[in-house]
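**Q** next one to model:
(chains A, B, C and D)
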Protein chains: 2
Amino acid sequence: MTIKDVARIAGVSVSTVSRVLNGKDRVNPETRRQVLEKVKELNYVPNNLAVSMVKKKTKIIAVVVPEILNPFYAAVVKGTEEIAKSRGYVTLILLTNDNEKEEKDYYDGILNKYVDGIILVGSHKNSEFYQSIEKPTILVDRYIENSGKDGVVIDNMGGTYQLTEHLIENGHTDIAIINGIMDFNDGRERFWGFKQAMSMHNIDVHEKYVKPGNWFEENGYQSTKELLQSDHPPSAILACNNLICIGAIKAIRDLDLKIGEDISLVGFDDHDLAQFNRPSVTVIDRPTYEMGTNAADMLIDQVEANTSKPLNPKKVNLSVNLKVRESVKNLNQSKHISSTK
Amino acid sequence: MTIKDVARIAGVSVSTVSRVLNGKDRVNPETRRQVLEKVKELNYVPNNLAVSMVKKKTKIIAVVVPEILNPFYAAVVKGTEEIAKSRGYVTLILLTNDNEKEEKDYYDGILNKYVDGIILVGSHKNSEFYQSIEKPTILVDRYIENSGKDGVVIDNMGGTYQLTEHLIENGHTDIAIINGIMDFNDGRERFWGFKQAMSMHNIDVHEKYVKPGNWFEENGYQSTKELLQSDHPPSAILACNNLICIGAIKAIRDLDLKIGEDISLVGFDDHDLAQFNRPSVTVIDRPTYEMGTNAADMLIDQVEANTSKPLNPKKVNLSVNLKVRESVKNLNQSKHISSTK
DNA sequence: ATATTTTATAATAACGTTTTTACAAAATGT
DNA sequence: ACATTTTGTAAAAACGTTATTATAAAATAT
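**A** Sure thing, here's the model as predicted:
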């Protein structure tokens, strides 16, 4: 069932059917009525492929993420898909497993020719890769300077700053930090936020309390064990993402210690275990779903404005939220109590 | 940069370039070499849209799921995407929020005209909807009889059968079941598996121990409270999905009871909390990722065989796996101990 | 030496739309 | 009453490919 069939059956030309369907003027109301009737009767739907070819717009956007089982990325995908849907677009999903080569191949093979725009949680560190992308692109979470692309990120520095300050306010000074890799802005900024808060309160950062590593649970588990089994264990640990935090919780449990008593713990990223654990764990919650919706709206705006490369790339910084729960011991209070004893 | 440009610059006809690129025979090796050289030099990549139009194949498949934040569906998506990728397809993702109307609209508007095939965790109960889908379709998880579509499902009945038998073997007879809605095969089959196991061991199913409801956490929480606060609380609870199980765990905790001592608990679906909770919870684990990969392979096979409607729809039943952990009290043993006292 | 087959390439049609151009007929202006 | 504008429709071109058909040259067969 093509537009030709409709035209033939309705007894008009192909162009007239097209005009009617696209709401163009200069078509007799009576003709319009008849065409619409036949369209409905024949259940005609235009072929997207043909439309895309002539309009050079596919109404498809791609969302490229490392992994979908991580709820963080799943939320980004969800936000993207919902905005896309509401604005008449569909969403192509690509999982990269953080494999740079795979991401590049994808880009060359598919993205360039198929989609109107790309939402990208990239695995590449160098800005050249991003510059080579011709389609409108929004970088999410990880932002690369000089990439020439707009970005939607969260306030990493503010997040660890708040967590650190929360610990300090509760009297902690021996604070350890377990971080992921520092190749991207996220790891770097989270570390800076911690250092900044410490320096603002004139507290020294002990080198042995700084544990860089990777973003996985095993790192959280091992680093926590090392910290707690050392000569001078810290009084509090800052876990820089959800997986590290889970690893830390498990390590603490395996060492038969109590969170919030023997050791205080705070984490970046909220997750089920942080909520469910007793005591529950104080965390920074970041608006992951909103990152998706923001990015999708920005992307589609760009697509529809035909601005493939923004003149002045902008980075939208979404604020994060401290969720105070039960995992931080108040050392001031306990000192106070012991001093009045 | 189109095939025309390449042809012009290489000094051959458009058709020759096309022949070279598609590996057709009857082209002079020397000509082939020259064309390939220019293609590389000009960095030419064929326009997918044009190819799709003439070949009537888009190399896009759609995966339609109710929700992406649920790890179960995320795993299906992941399995689908990885197979699709490896076989040269890309994956369109559609989230329905279990909204029947939305799903139908999607289907009419996009799926029919854009994709080669569909992997569908459907929200529709009636088979007519599925029959009306012209594209190759694989139903995942929820299977509708007479839909005319192939399906990939798991052994729901075997799952609850195993869970129930595990409880019975440990001496339980007062077993309660908290189930979701019975509109689809999943809820029905899970209930049947329970009943079957009970009847095989000649144990009566008490009506007050049967709690149908919905698949959400709140149902698990409320039903568990009701069961445990009744006159004759059961000795064991079977939670029919991950969310109900989480609700049950929370309710038990809020009632200050101990899992595996005061009340035994088993669940359908593995999840973080079941693993993390102390004591950990015995569950049925289902191969969600494999459902995605199986479905994608079956779908692409169909697409490439040009069989839009399988003559004899088949349902692939993947087996489930009992993960025995610490949440079931052995009543035989305790009886034995008390009788020898 | 001529007829036939094989090989290499080009020209053209087709996929299903939208957009542009063309052309009447009707309406309006003088 | 005639020139001009407006309105409604149709025909044709374009989007970028692949597939089919046509044609010429080379190779082979008789």
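
**Q** for A:Gln302, which non-adjacent residue is closest in space?
**A** Nearest residue to A:Gln302, sequence neighbours excluded (C-beta to C-beta, 6 or more residues apart in numbering or on different chains): A:Pro136, at 4.1 Å. In this view, the C-beta of every residue, glycine as well, is placed from N, C-alpha and C.

**Q** now A:Phe129: how far from chain B?
**A** Using C-beta to the nearest C-beta, to the nearest Å, we find A:Phe129 at a distance of 16 Å from chain B.

**Q** wait, A:Arg19
**A** In terms of C-beta to the nearest C-beta, A:Arg19 sits 21 Å off from chain B.

**Q** what about that residue, which SS state?
**A** helix (DSSP: H, G, I helix; E, B strand; the rest coil).

**Q** what does the stretch 201-341 of chain A put close to chain B?
**A** Residues of the stretch 201-341 of chain A found near chain B (C-beta under 8 Å from any C-beta of the partner chain) are A:Lys250, A:Arg253, A:Asp272, A:Leu273, A:Phe276, A:Asn277, A:Arg278.

**Q** can you say which of those residues are buried?
**A** The neighbour-count criterion (16 or more other C-beta atoms under 10 Å in any protein chain shown) marks A:Lys250, A:Leu273, A:Phe276, A:Asn277 among those as buried.

**Q** between those, which sits nearest DNA strand C?
**A** Within these, the smallest distance to DNA strand C is 51.3 Å, found for A:Leu273 (C-beta to the nearest atom of the strand).

**Q** check contacts around the closest one.
**A** Taking C-beta atoms under 8 Å, 6 or more residues apart in numbering or on different chains as the criterion, A:Leu273 is in contact with A:Cys245, A:Ile246, A:Ile249, A:Val281, B:Asp272, B:Leu273, B:Phe276.

**Q** mind picking the two most distant members of the residues you listed?
**A** Maximum pairwise distance in the contacts of A:Leu273, criterion C-beta to C-beta, is 15.1 Å, between A:Cys245 and B:Leu273.

**Q** just to be sure, A:Glu30 is in a helix?
**A** Yes - counting by three-state DSSP, A:Glu30 is part of a helix.

**Q** who's in contact with the one helix or strand A:Glu128 maps to?
**A** Taking DSSP states H and E as the criterion, A:Glu128 maps to helix A:127-131. Helix A:127-131 is contacted from outside by A:Lys104, A:Leu120, A:Gly122, A:His124, A:Thr137, A:Leu139, A:Ile144, A:Glu145, A:Asn146, A:Ser147, A:Gly148, A:Lys149, using C-beta under 8 Å, 6+ apart.

**Q** most surrounded residue in those?
**A** A:Leu120 (30 neighbours; other C-beta atoms under 10 Å in any protein chain shown).

**Q** ok, now how distant is that one from chain B?
**A** For A:Leu120 relative to chain B (C-beta to the nearest C-beta), the value is 15 Å.

**Q** wait, that residue touches A:Val140, no?
**A** Yes - shown here, A:Leu120 and A:Val140 form a contact pair, counting by C-beta atoms under 8 Å, at 6.6 Å.

**Q** what sits in contact with each of those two?
**A** By C-beta under 8 Å, 6+ apart, no residue touches both A:Leu120 and A:Val140.

**Q** show me where the stretch 101-250 of chain A has its helices.
**A** With DSSP state H, counting those that start in this stretch, the ranges of helices along the stretch 101-250 of chain A come out as A:112-114, A:127-131, A:156-169, A:185-200, A:217-228, A:242-254.

**Q** before we move on, back to that, restricted to strands, list the contacts of helix A:127-131.
**A** A:Leu120, A:Thr137, A:Leu139 (DSSP state E).

**Q** could I get the buried residue list for the longest helix along chain A?
**A** Taking DSSP state H as the criterion, chain A has its longest helix at helix A:288-305. Across helix A:288-305, burial judged by 16+ other C-beta under 10 Å covers A:288-289, A:291-300, A:302-303.

**Q** okay if I get the helices of the stretch 101-250 of chain A as JSON lines plus mean pLDDT?
**A** As requested, the helices of the stretch 101-250 of chain A are exported to JSON lines (pLDDT from 0 to 100):
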{"stretch": "helix A:112-114", "mean pLDDT": "73"}
{"stretch": "helix A:127-131", "mean pLDDT": "91"}
{"stretch": "helix A:156-169", "mean pLDDT": "98"}
{"stretch": "helix A:185-200", "mean pLDDT": "97"}
{"stretch": "helix A:217-228", "mean pLDDT": "98"}
{"stretch": "helix A:242-254", "mean pLDDT": "97"}
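
**Q** perfect, that will be all.
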